[in-house]
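Colleague: Predicted model and sequence below, questions to follow.
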Amino acid sequence: MEEVKVFPLSCVVQNYAWGKVGLDSEVAKLVLGGDPQAVIEDGKPYAELWMGAHPKGDALIKDNRISQRTLGQWIADYPGCLGSKVKDMFQGQLPFLFKVLSVNTALSIQAHPNRELAAKLHAQFPEHYPDNNHKPEMAIALTQFEGLCGFRPLEEIISFLKAVPEFHALVGNEAADELQSSVGNPGRISLALKKCFSRMMNCEKKVFVDQLNMLVKRVSEEAAAGKDTSSSNGELLLRLHSQYPGDIGCFSVYFLNRIVLQPGEAMFLGANEPHAYLSGDCIECMACSDNTVRAGLTPKYIDVNTLCEMLNYSPAPVSAKIFPSIQDPSDPCVYLYDPPVPDFTVMRIQIPPSVKQYTVSPLDCAGILLVVQGEASASSAAAFTDIMLRRGSVLFISANESVTLQVTSSTGINMFRACCLL
């Protein structure tokens, strides 16, 4: 029998503590949409849906004609499904991991290493850095999505140093003065910023806990008295402190940009970019790695020295952090999010109610398709039977295969497709 090359997947859920709980979670809603028999527990966090072949979350194949149980096993047996360019460049591995995230409380202040550092960290500390790959990633908002991303413009950091004495105390006079005097001197800015951030991150615990308690008390009293606390970034500080009391990461709000993405907007996080997701639901795509260097807002392993050494200390306004999508010139339903790395590209496919038949175009690489809204019947020469798609359905599409959709929902259909366009 000819091999099936287009098939549905049942994907792995990660129940990390920071996830949204029960049916408040977009992840839980998608799981239930894709499998009405699924049991969603009220008090349980549904943080991430992993769509891919990563060993910590290898998707199950939902097609009983296929003997392999997981996507990873199937790709190992049929690496040609990746497309010849991808197969050769990525040694027969699916190069990306596609996810949905539902964030209730903040994720850690973190950055991901480049390939060179990843190999070094993995060799030295395999228990903390499980593979030797880099992990650039992109987040595309499904609901309003909030995060911290990259260092703020210098003038914003300097104004916080002046307005927030507790923050100034952790950085110290010398480093703060150096930052002030580096203004207008690009060669010195990143060194001065590194010194400030490193001084704060390496503060003795008793010192920063005392300063944080003083700051939280002061800002809480100001807020209770109806005063404007924006010069101390009060609202965000108090929220993070309520989630992670006594954590040095609370002070990162004075260094890092707060970004709020509206649905469809994206941010791209290259190697060494400091970031933390704070709240909301997003689609995420990344190189297939689980390497994360953390330094706060987390109970997990913290590696302050590595983080301070590796970061990209380039201040930039928050507007520079929004990653644009581009309408596909050959298909008005497709918007491309094409980051400056070879490992992945994401397409947003929005089929309007007026279009009842639509072809998901063949690409010379494998892809994973997620339906976030709408219903359709999917047919493909490489599937042999029709596949019903609805909210939460996930489809693996081998290289050079097309899928024809008969759209059955009156509101059209909204999908995301991860792929690797070399």
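Modeller: On my side now, so go ahead. Residues are numbered from 1 along each chain as shown.

Colleague: Okay, helices next: where are they in this protein?
Modeller: Per DSSP state H, the chain carries helices over the ranges 26-34, 71-77, 84-89, 115-124, 154-163, 165-171, 173-181, 186-201, 205-224, 234-243, 304-310.

Colleague: which of those is buried the deepest?
Modeller: Comparing the helices of the chain by mean neighbour count (mean count of other CB atoms under 10 Å), helix 26-34 comes out on top with a mean of 22. (C-beta placed from N, C-alpha, C; glycine too.)

Colleague: name the helices or strands packed onto that one?
Modeller: On a contact count with 3 or more CB pairs under 8 Å, 6 or more residues apart in numbering; DSSP states H and E, helix 26-34 meets strand 48-51, strand 96-103.

Colleague: repeat that with 6 Å
Modeller: Contact partners of helix 26-34 among helices and strands, from 3 or more CB pairs under 6 Å, 6 or more residues apart in numbering; DSSP states H and E: strand 96-103.

Colleague: starting at the chain centroid, how far to the strand it packs on?
Modeller: How far strand 96-103 lies from its chain's middle: 6 Å, per CA atoms, centre = their mean, to the nearest Å.

Colleague: who's in contact with that strand?
Modeller: 19-20, 25-27, 48-52, 54, 277, 279-286, 288, 343-344, 368, 418 (CB atoms under 6 Å, 6 or more residues apart in numbering).

Colleague: Among those, name the ones in strands.
Modeller: Mapping the contacts of strand 96-103 onto strands (DSSP state E) picks out 48-51, 277, 279-286, 368, 418.

Colleague: okay, among these, which ones form the most distant pair?
Modeller: Using CB to CB, these span at most 25.6 Å, a distance reached by S279 and I368.

Colleague: So those two - more neighbours on which side?
Modeller: Higher neighbour count among S279 and I368: I368, with 24 against 19, using other CB atoms under 10 Å.

Colleague: shouldn't the more buried one be in contact with R417?
Modeller: No. Counting by CB atoms under 6 Å, I368 stays clear of R417, with 7.1 Å between them.

Colleague: how distant is the helix or strand of the chain with the lowest mean pLDDT from the center of its chain?
Modeller: Sorted by mean pLDDT, DSSP states H and E, the helices and strands of the chain end with strand 293-296, the least confident at a mean of 92. Chain-centre distance of strand 293-296: 15 Å, with CA atoms, centre = their mean.

Colleague: With stretch 158-165 instead?
Modeller: With CA atoms, centre = their mean, you get 30 Å for stretch 158-165.

Colleague: ok, the nearest residue to D328 once chain neighbours are set aside - contacts?
Modeller: Spatial nearest neighbour of D328, excluding adjacent residues (CB to CB, 6 or more residues apart in numbering): V334 at 3.8 Å. V334 is in contact with D328, M347, I349, counting by CB under 6 Å, 6+ apart.

Colleague: Just the pLDDT for V334.
Modeller: The score at V334 is 98. That number is its pLDDT.

Colleague: got it, and the one 4 residues further on?
Modeller: According to the predicted model, the pLDDT of D338 comes to 97.

Colleague: F323 versus that one, what's the distance?
Modeller: Here D338 is placed at a distance of 9 Å from F323 (CB to CB, to the nearest Å).

Colleague: cool, S230 as well?
Modeller: Taking CB to CB, one finds S230 at 27 Å from F323.

Colleague: tell me, how many neighbours does A59 end up with?
Modeller: By the criterion of other CB under 10 Å, A59 has 24 neighbours.

Colleague: Give me the pLDDT value at it.
Modeller: pLDDT recorded at A59 is 98.

Colleague: Same question for A382.
Modeller: We have a pLDDT of 88 for A382.

Colleague: Then M1?
Modeller: On the pLDDT scale, M1 gets 42.

Colleague: do the same with the one 5 residues further on
Modeller: At V6 the predicted local distance difference test score is 97.

Colleague: got it, and H168?
Modeller: 98.

Colleague: Quick check: closest non-adjacent residue to it.
Modeller: In space, H168 is closest to L161, 5.0 Å off (CB to CB, 6+ apart).

Colleague: just E178 next, same as before
Modeller: A192 is the one closest to E178 (CB to CB, 6+ apart), at 4.4 Å.

Colleague: residue contacts, that neighbour?
Modeller: A192 neighbours (CB under 6 Å, 6+ apart): E178, L179, S182.

Colleague: While we're on it, how confident is the model there?
Modeller: A192 carries a pLDDT score of 98 in this model.

Colleague: The residue nearest to D328 pairs with what?
Modeller: Going by DSSP bridges, V334 is paired in beta bridges with I349.

Colleague: quick one, what contacts A176?
Modeller: Here A176 is in contact with L161, H168 (CB under 6 Å, 6+ apart).
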